[in-house]
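S.K.: Requesting a structural model of the entry that follows:
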Amino acid sequence: MSALHPDRSIYLKGVALSAGGMVVISPDGLLLRLVEDAGHWDVVFLRTLGIFVAIALVLLARHRGRTLAAVRALGWPGLWATLAMGGANIGFVLAMLNTTVANTLVILATMPLFSAALGWLLIRERVSGRTWASIAVAIAGIAVIFSGSLGGGGLKGDLIALATALCHGIALVQLRRVGNRDTTPVVAGGALLAALVALPFAAPLAYTAHDAGVILFQGLLQMPLALALFVSGARFIPAAEVALFSLIETVLGPLWAWIGVGEVPSMLAVVGGVIVVGAVAGNSILGLVRLNRRRTAAAAAGASDR
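M.R.: Alright, predicted model coming up:
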């Protein structure tokens with residue numbers, strides 16, 4: 001069997017790592033459903049504290065005596081991204097605990113589109129007509145999901161999920177301003193900020209062994225591992241494909257919740273989910289087609305010059 005072309009081998013490595021990260025994180029909603037007694041803020045506190053400890057250890061191992069320098073190198077964009085990530089960490093848990101897993105993950109799937117719109121608004125990045133159309137379609141899908149939550153008690157969670165997607169979008173826009181610097185401090189700082197915000201509302205000494213085990217498994221192992229895999233893979237594949245791989249969690253997350261605790265999405269959530277996923281996937285696929293055409297044209301032009 002002939003060896004794969006080196007570039008293709010690197011690409012396949014990126015695919016495997018990014019897809020693996022999304023598979024690892026996909027049972028997140030189910031794990032939150034398995035928490036029995038801890039309150040919402042208790043979950044936020046212990047989960048984000050665990051994430052902070054795990055990521056901070058990675059940061060210290062990577063930079064050692066230059067850790068503070070790595071933090072300062074991110075400047076004001078890093079600070080704004082950290083604040084946004086803190087809000088996203090809090091919002092994710094509160095959304096999951098106030099609406100269905102399916103609603104939360106589908107709404108969060110709009111993050112790449114919000115990032116594009118916020119990039120245009122905040123730093124004047126160019127946004128294609130294709131992406132604007134995808135944003136409009138995704139908003140329609142979210143409206144369908146919201147309509148299914150009216151009167152059902154899940155609207156609060158849907159709104160929190162939408163705010164969480166916006167926080168993620170802000171963080172991504174700010175991170176694009178820091179260039180190729182290590183953004184691990186933002187992940188650690190966002191987790192620490194969320195833990196500090198949650199602490200006054202939590203009861204840190206009241207966890208049962210079961211709840212502490214489930215929450216710390218998420219914070220210390222699942223989230224850091226998923227993040228490490230996904231970020232590592234994202235370095236080797238186009239940004240449009242990164243958005244596609246993030247949809248793995250959107251599809252698998254509700255499936256795990258259905259299998260594990262019998263949580264079945266409403267019909268309107270399914271319809272809205274199909275619309276949102278279609279908008280995000282369509283935008284990414286069309287972006288990849290355009291990228292491939294450009295590369296083919298560039299290669300042909302280079303060959304004709306020889």
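S.K.: what comes up buried for the strand or helix carrying Ala195?
M.R.: Applying DSSP states H and E as the criterion places Ala195 in helix 184-198. Going by neighbour count (16 or more other C-beta atoms under 10 Å), the buried part of helix 184-198 is 184-195, 197-198. The C-beta positions use only the backbone N, C-alpha and C, and glycine is treated the same way.
S.K.: so which of those residues comes closest to Val173?
M.R.: Distance to Val173 across these (C-beta to C-beta) is lowest for Val186, with 12.4 Å.
S.K.: Next, give me the two most distant ones among the buried residues of helix 184-198.
M.R.: The most widely separated members of these, counting by C-beta to C-beta, are Thr184 and Ala198 (21.6 Å).
S.K.: related to what we said a few turns ago, right, and the helix or strand after the helix holding Ala195?
M.R.: Next element after helix 184-198 (DSSP H and E): helix 209-216.
S.K.: Which elements pack onto whatever helix or strand comes next after that following helix?
M.R.: As assigned by DSSP H and E, the chain's next helix or strand after helix 209-216 is helix 223-234. Other elements packing on helix 223-234 under the criterion 3 or more C-beta pairs under 8 Å, 6 or more residues apart in numbering; DSSP states H and E are helix 6-25, helix 40-63, helix 239-261.
S.K.: Out of those, which one sits most buried?
M.R.: Mean neighbour count (mean count of other C-beta atoms under 10 Å) peaks for helix 40-63 among the helices and strands packed on helix 223-234, with a mean of 21.
S.K.: who touches the helix or strand following that one?
M.R.: Downstream of helix 40-63, the next assigned helix or strand under DSSP H and E is helix 67-72. With contact meaning C-beta atoms under 8 Å, 6 or more residues apart in numbering, helix 67-72 is reached by 59-60, 62-63, 78, 181-182, 184-185, 189.
S.K.: Apply 7 Å and report the result again.
M.R.: With C-beta atoms under 7 Å, 6 or more residues apart in numbering as the test, helix 67-72 has contacts from 59-60, 63, 182, 185.
S.K.: residue ranges with poor pLDDT in the stretch 1-150 of the chain?
M.R.: For the stretch 1-150 of the chain, the stretches flagged by pLDDT under 70 are 1-8.
S.K.: about what we covered before: make TSV out of the helices and strands packed on helix 223-234 and add distance to Ala281.
M.R.: As requested, the helices and strands packed on helix 223-234 are exported to TSV (distance: least, C-beta to C-beta, whole Å):
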stretch	distance to Ala281
helix 6-25	14
helix 40-63	28
helix 239-261	6
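S.K.: Pass me the low-pLDDT residue ranges in the stretch 151-300 of the chain, would you?
M.R.: Scanning the stretch 151-300 of the chain with the threshold set as pLDDT under 70 gives 151-153, 238-240, 299-300.
S.K.: quick one: buried residues of the biggest helix by length in the chain?
M.R.: If you go by DSSP state H, the chain has its longest helix at helix 267-304. Buried positions in helix 267-304, judged by neighbour count with 16+ other C-beta under 10 Å: 268-273, 275-277, 279-281, 283-284, 286-288.
S.K.: Same question for stretch 137-146.
M.R.: By 16+ other C-beta under 10 Å, the buried positions in stretch 137-146 come out as 137-138, 141-142, 144-146.
S.K.: Narrow those to those in helices?
M.R.: Per DSSP H, the subset of the buried residues of stretch 137-146 in helices is 137-138, 141-142, 144-146.
S.K.: would you turn those into TSV with distance to Gly87?
M.R.: Formatted as TSV, these follow (distance: C-beta to C-beta, whole Å):
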residue	distance to Gly87
Val137	26
Ala138	21
Gly141	23
Ile142	19
Val144	25
Ile145	21
Phe146	20
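S.K.: closest to Arg235 among those residues?
M.R.: Using C-beta to C-beta, those come closest to Arg235 at Ala138, 26.5 Å.
S.K.: In space, what's closest to that closest one - neighbours in sequence excluded?
M.R.: Distance criterion C-beta to C-beta, 6 or more residues apart in numbering; nearest residue to Ala138, sequence neighbours excluded, is Ala279 at 4.2 Å.
S.K.: from memory that neighbour sits against Ala136, does it?
M.R.: No. The pair Ala279 / Ala136 is not scored as a contact, 8.3 Å apart, by C-beta atoms under 7 Å.
S.K.: Next, the contact list for Ala234, please.
M.R.: Taking C-beta under 7 Å, 6+ apart, one finds 18, 242 in contact with Ala234.
S.K.: any idea which of the buried residues of stretch 137-146 is the one closest to Ala95?
M.R.: Ile145 (12.1 Å).
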